[in-house]
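> This is a predicted model, with the sequence first.
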Amino acid sequence: MADDGLEDFTRTSFRHDGTDHPVLRSGTGPAVVVIAEFPGITPQVAGFARRVRDLGCTVVLPVLFGVPGRDALAGSSRRVAAGGVRTAAQVCISREFSLFALGRASPVVPWLRALARAEHARCGDPGVGAVGMCLTGGFALAMATDESVLAPVLSQPSLPLPLGRRRRETTDISEADLAVVEQRCAAGLQVLGVRFKGDRLSPGTRFATLRRRLGDAFVAIELPDAAANPDGFGAPHSVLTTHLVDREGEPTREALDEVLGLFRERLLVGA
């Protein structure tokens, strides 16, 4: 896949509490914040965002790492390797990401919550959706402490990096924030999670903990590894992007439809 020029997105920035990040935006209607997986806003992530936009939503993509629109696997092997190393270094040295910490969210999450509130004010009721993927998967759960977030989706949440039993069983959110999400779930919030069953970066014990804490409000979609796109890079991982098989009746397409259905149900009320 070639690089994506992202010509159908406008480029702005958002500042909160002294922190600025670029933001890409497209569409009209209620906002959905799409937080890209590693290595950034690839053509596949942009393609997913366009699917959300085409529902009748405004898609909002914060640029937290990587080069927007770049196909990380295109070009020479030297370009691919150099790009991956640069992005990995950017994430590892950033003070906004906690890769190993237990019992707390990454420091960038308050900025994301503020972005959600700002987009709610900009785009109007009823509220905002949020999708996190891979390293950012749990961010959508932590954002759901804010009343503006009505439709959080965790796609293969991979933090904290699953080294050791405790990290495999937890998601990157504090106990206090998880308690708030529990209260919101008891009041009607629904949280959707998707992963491949064999994904070691996003272990099944993590979803088991969320089922136990959130009850029926946590809807887990766990797909067989054989359902992944065989042309996708690496082991089955990226349900909504790289390993999506975009054909009717395919398990990954059904998972995508569940995600879009959540946004339709919670954000496009009466549309």
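Thanks, I have it.
> where does this protein dip in pLDDT?
1, 73-89, 92-93, 270-271 (pLDDT under 70).
> who's in contact with residue 109?
139, 142, 143 (Cβ atoms under 8 Å, 6 or more residues apart in numbering). Using the backbone N, CA and C atoms, a C-beta is placed for each residue, glycine as well.
> And it, how close does it get to residue 182?
In this view, residue 109 and residue 182 are 17 Å apart by Cβ to Cβ, to the nearest Å.
> which residues of the stretch 151-271 of the chain fall in strands?
Assigned by DSSP state E, counting those that start in this stretch, the stretch 151-271 of the chain shows strands spanning 191-196, 218-223.
> Those strands: which one's closest to residue 261?
Comparison of these against residue 261 by Cβ to Cβ identifies strand 191-196 as nearest, at 9.2 Å.
> What is that closest one packed up against?
When contacts are defined as 3 or more Cβ pairs under 8 Å, 6 or more residues apart in numbering; DSSP states H and E, strand 191-196 packs onto strand 149-155, helix 204-214, strand 218-223, helix 251-267.
> That one pairs with which strands?
Paired neighbours of strand 191-196 in the sheet (DSSP bridges): strand 149-155 (parallel), strand 218-223 (parallel).
> May I see these organised as JSON lines, with distance to residue 207 and mean neighbour count added?
Converted to JSON lines, the strands paired with strand 191-196 look like this (distance: least, Cβ to Cβ, whole Å; neighbours: other Cβ atoms under 10 Å):
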{"stretch": "strand 149-155", "distance to residue 207": "9", "mean neighbour count": "28"}
{"stretch": "strand 218-223", "distance to residue 207": "5", "mean neighbour count": "18"}
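> In JSON lines: these, plus distance to residue 59.
Formatted as JSON lines, the strands paired with strand 191-196 follow (distance: least, Cβ to Cβ, whole Å):
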{"stretch": "strand 149-155", "distance to residue 59": "13"}
{"stretch": "strand 218-223", "distance to residue 59": "21"}
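> which stretch among the strands of the stretch 151-271 of the chain comes nearest residue 235?
Nearest to residue 235, of the strands of the stretch 151-271 of the chain and by Cβ to Cβ, is strand 191-196 at 8.2 Å.
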